[in-house]
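In: generate coordinates for the sequence data below:
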Amino acid sequence: MSRVGKKPIPILEGVKVEIIKSKIKVKGPKGELEREMPSAVKVVIEDGQILVQRLNEDKRSKSLHGTLRSLIFNMVKGVSEEFEKVLEVVGMGYKATLENGVLTLRVGYSHLVRYTGPEDVGIEVPNPNTIRVFGCDKQKVGEVAAEIRAVKKPEPYKGKGIRYKGEVIRRKVGKAALVTK
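Out: Below is the predicted model of the structure:
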C-alpha cells in the first residue's frame, strides 16, 4: 500500500474543501483550485482531514493513490500560502523589467523578449536581476518559471542566462592556448 497515499491531509484554517461528484474544489485566502478525480480512488472528508482511499487493488488504483494525495495536498497548501519560484538573470547587460503585466527580458539577443504569463500566476521583478513567479497552483508556477528560463538557459562557459535561484551550473573550461616548445 502507498505510504504517501495513507497519510491524511489536514485542512488548514481558512480553507474550504468541497467534493462534488468527481471533482474536488479547494478554496482559500490566496485563491481557488479545482481538479478532476479519477474513478479508481475515493476522497473522503473526516474530522477536518482529507483521506484518499483506493477502491480496489489493481495497478491503476495503486499508481493513482499517492499521486492524487500529493496533488490534493499541494492544492490545500497553495490556496493558504502561495508557491513561488525565484529566477536570477545573470550576465553583463542582462536585465528584466515588468510593465503592465508584460515581462520584458534583455538577455543578449538583438531584440527584447516579451513574455505575458497566465492571469492566475503573478510575476514580480524586485530588481533588474531577479524575477519572482508566484501563485496557488504549483504546476502552473513551475511551468511559467520554466518558460521564462527557456528564453535564455544558462550556458556552461560563462554561466550567463536565466537560472533558478540556488541552481548550480556546471562550468566548462574554454579553449586552452596551444603551447609548443
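In: so which bits of the lengthiest strand in the chain are buried?
Out: Ranked by number of residues, the top strand in the chain under DSSP state E is strand 83-90. Buried positions in strand 83-90, judged by neighbour count with 16 or more other Cβ atoms under 10 Å: 83, 85, 87, 88, 89, 90. Glycine gets a C-beta too; all of them are placed from N, C-alpha and C.
In: which of these sits closest to residue 3?
Out: Of all the buried residues of strand 83-90, residue 83 has the smallest distance to residue 3: 23.6 Å, by Cβ to Cβ.
In: quick one: the strands in this protein?
Out: Using DSSP E, the strands of the chain run over 9-10, 16-20, 23-28, 31-36, 41-46, 49-54, 83-90, 95-99, 102-106, 113-115, 122-127, 130-135, 161-164.
In: got TSV for those, with mean pLDDT and distance to residue 66 too?
Out: Putting the strands of the chain into TSV (pLDDT from 0 to 100; distance: least, Cβ to Cβ, whole Å) gives the following:
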stretch	mean pLDDT	distance to residue 66
strand 9-10	90	12
strand 16-20	91	19
strand 23-28	92	16
strand 31-36	91	15
strand 41-46	88	10
strand 49-54	89	8
strand 83-90	95	20
strand 95-99	94	37
strand 102-106	94	35
strand 113-115	94	34
strand 122-127	94	30
strand 130-135	96	24
strand 161-164	94	26
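In: need the residue closest to the centroid of the chain.
Out: Computing the C-alpha centroid of the chain and ranking residues by Cα atoms, centre = their mean puts residue 142 first, at 2.5 Å.
In: returning to what we had before: and the longest strand of the chain, C-alpha only, in CSV?
Out: Output of strand 83-90 as CSV, limited to C-alpha atoms (Å, rounded to 0.1, in the frame of the first residue of the first chain):
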residue,chain,number,x,y,z
PHE,A,83,4.1,28.7,-4.1
GLU,A,84,6.9,30.6,-5.6
LYS,A,85,10.0,30.2,-7.8
VAL,A,86,12.7,32.8,-8.0
LEU,A,87,14.8,33.3,-11.1
GLU,A,88,18.1,35.1,-11.4
VAL,A,89,19.2,36.9,-14.6
VAL,A,90,23.0,36.6,-14.9
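In: next, the angle strand 122-127 makes with it.
Out: Strand 83-90 and strand 122-127 are oriented at 40 degrees to each other (axes from the mean of the first three to the mean of the last three Cα atoms, to 10 degrees).
In: ok, now which ones touch the nearest residue to residue 56 once chain neighbours are set aside?
Out: Spatial nearest neighbour of residue 56, chain neighbours left out: residue 40 (7.4 Å); criterion: Cβ to Cβ, 6 or more residues apart in numbering. Applying Cβ atoms under 8 Å, 6 or more residues apart in numbering to residue 40 gives the contacts 54, 55, 56, 58, 60, 61, 64.
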